[in-house]
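[1] build me a model from this:
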Amino acid sequence: MSWSSRAPRRRRWPLVLAGIVVLVVGLVIASAVYADSHDPTGTAPSAAPTAPDAAPAAGLTWPPNDVRWFSLQGTMVPLSLAHGPSTNDGVVASGFTHDPNGAVIAAVNVLTRSSGLAGDETVFGPAIARQTTGDVSGYLASIRGVRAALEQRGGAPATVVVGYRLVEVGVDDVRMDVLSRATNPARPSQHALITGTARVRWLDGDWRLVVPTGAGRQVDQVPPGFAPMPGQQLTSAG
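    Residues are numbered from 1 along each chain as shown. A predicted model of the protein is given here:
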């Protein structure tokens, strides 16, 4: 991403969260690699502009007024008394409402917990096994590779899903784009925006993440049409 125009040169912080970033997220399957970068002037990156006219889609009473964010080993997850999760054993969070609100919160929770960004296999292993559908074994193998890459590079970026954009909303199938803000753990003044797609299906009484098949990408500003997650801002800076 581009840093301050007053810097003598510009560099990108390549941070690809395969699947999101979400991600955060997804954003997160094929790889999660960030390269060393620096801001020669020490100037923090400027905030990305808010997406124009970003608004929730029909079917959402958004934002729920009871959403709170909690840190899971540096990666933030949303919890709502009204929409879930109703069960949280410290690793797997489950029990989301069967509606678009529950789908959005479930997608962020499962994507975050299964991505390898919120802990080692004691976190992503159960999340993948119990809360994803599709090529589960392939997803597990990919995330193991993600964790190995992160450990070699000094740890996972601190990540939070700041926005969403609903693409398709069905009773039992919801697809959305997500926008994540990731912070370089070695240089907290450096941030990157990552977009990716997340899809959840209602199976066996709860939402499950459909294993991502594409890679997230880094963007320089907030794409059009994104609405903020409750309590978050559509900016690159925290």
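
[2] so where's the protein uncertain?
    By pLDDT under 70, the low-scoring segments of the chain are 1-63, 236-238.

[3] swap in 80 and give it another go.
    1-64, 74, 90-91, 150-156, 184-188, 213-216, 235-238 (pLDDT under 80).

[4] and the gap between the closest residue to G225 other than its chain neighbours and A93?
    Distances taken as C-beta to C-beta, 6 or more residues apart in numbering put R165 closest to G225, at 4.9 Å, once the chain neighbours are dropped. The way it works is simple: take the backbone N, C-alpha and C, and place the C-beta from them, glycine included. R165 sits 23 Å away from A93, taking C-beta to C-beta, to the nearest Å as the criterion.

[5] of these two, which one has the most company?
    Counted by other C-beta atoms under 10 Å, R165 and A93 do not tie: A93 has more neighbours, with 25 against 19.

[6] for Q218, which three-state class applies?
    Three-state assignment for Q218 (DSSP: H, G, I helix; E, B strand; the rest coil): strand.

[7] surely it touches L193?
    Yes: using C-beta atoms under 8 Å, Q218 is in contact with L193, at 6.7 Å.

[8] who's more crowded, these two?
    Neighbour count, other C-beta under 10 Å: between Q218 and L193, L193 has more, with 25 against 18.

[9] give me the beta-bridge partners of the more buried one?
    Here L193 sits in beta bridges with R181, V219, going by DSSP bridges.

[10] now do the same end-to-end measure for stretch 177-196.
    End-to-end distance for stretch 177-196: 6 Å, by C-alpha to C-alpha, to the nearest Å.

[11] one more: stretch 132-141?
    Length of stretch 132-141, first residue to last, C-alpha to C-alpha: 14 Å.

[12] check stretch 200-208 too.
    From its first residue to its last, stretch 200-208 covers 5 Å (C-alpha to C-alpha).

[13] mind naming the longest helix for the chain?
    When the chain is parsed with DSSP state H, its longest helix is helix 136-152.

[14] and the following helix or strand past that helix, which residues are buried?
    Remark: after helix 136-152, the chain's next helix or strand is strand 158-169, criterion DSSP states H and E. Within strand 158-169, the residues scored as buried using 16 or more other C-beta atoms under 10 Å are A158, T159, V160, V161, V162, G163, Y164, R165, L166, V169.
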